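coords below, sequence missing:
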C-alpha cells in the first residue's frame, strides 16, 4: 500500500486482486481545494506507476472537491479509458453525490454507496 501526500489531502493506494483482475484501490482522505488542486493535478499520474489501469476510487473520506479536482478525476477517467481499464466509484457523501451527478460521467462507470460494494460488484 502506498501513500501520496498533498497539502490537505492524502491518497492511499493498494493493489487488490478481484477475480482475474488487478485493481488499484485509491482512497482519498481530505480535501481538494484551491490551495492543493494544481499540485494534485500535476502529480496524479503517480498512481499509475504500477501500470494498473483498473481503478476503484474510494471517496468516503473526501470532504470537499472543487472544479479543478473534478477535472483531475475526469483526467484519471480518461487515462483509464485510454488504457482499456475499468473504473468504479464508491463512498459518496451527499455533497459528492451531487458533484458526481453534475460530472456527466461515461455510462460504464459504476457508482456505489461504499468501496466494499464497489469491490463486491466488480465485473
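Looks like it arrived, so ask away. Worth saying up front: this structure is predicted, and the values here are computed from it rather than measured.

least confident secondary structure element in this structure?
Each helix and strand of the chain was given a mean pLDDT (mean pLDDT, DSSP states H and E); the minimum falls on helix 94-102 at a mean of 79.

tell me what that one is packed against?
Here helix 94-102 touches strand 55-65, going by 3 or more C-beta pairs under 8 Å, 6 or more residues apart in numbering; DSSP states H and E. C-beta coordinates here come from the backbone N, C-alpha and C atoms, glycine included.

now do the end-to-end distance for stretch 31-45.
In stretch 31-45, first residue to last residue: 18 Å (C-alpha to C-alpha, to the nearest Å).

quick one: buried residues of it?
31-33, 36-37, 40, 44 (16 or more other C-beta atoms under 10 Å).

tabulate these (JSON lines), appending distance to residue 108 and secondary structure.
Shown next, in JSON lines, are the buried residues of stretch 31-45 (distance: C-beta to C-beta, whole Å; DSSP: H, G, I helix; E, B strand; the rest coil):
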{"residue": "31", "distance to residue 108": "28", "secondary structure": "strand"}
{"residue": "32", "distance to residue 108": "24", "secondary structure": "strand"}
{"residue": "33", "distance to residue 108": "29", "secondary structure": "coil"}
{"residue": "36", "distance to residue 108": "29", "secondary structure": "coil"}
{"residue": "37", "distance to residue 108": "26", "secondary structure": "helix"}
{"residue": "40", "distance to residue 108": "24", "secondary structure": "helix"}
{"residue": "44", "distance to residue 108": "21", "secondary structure": "helix"}
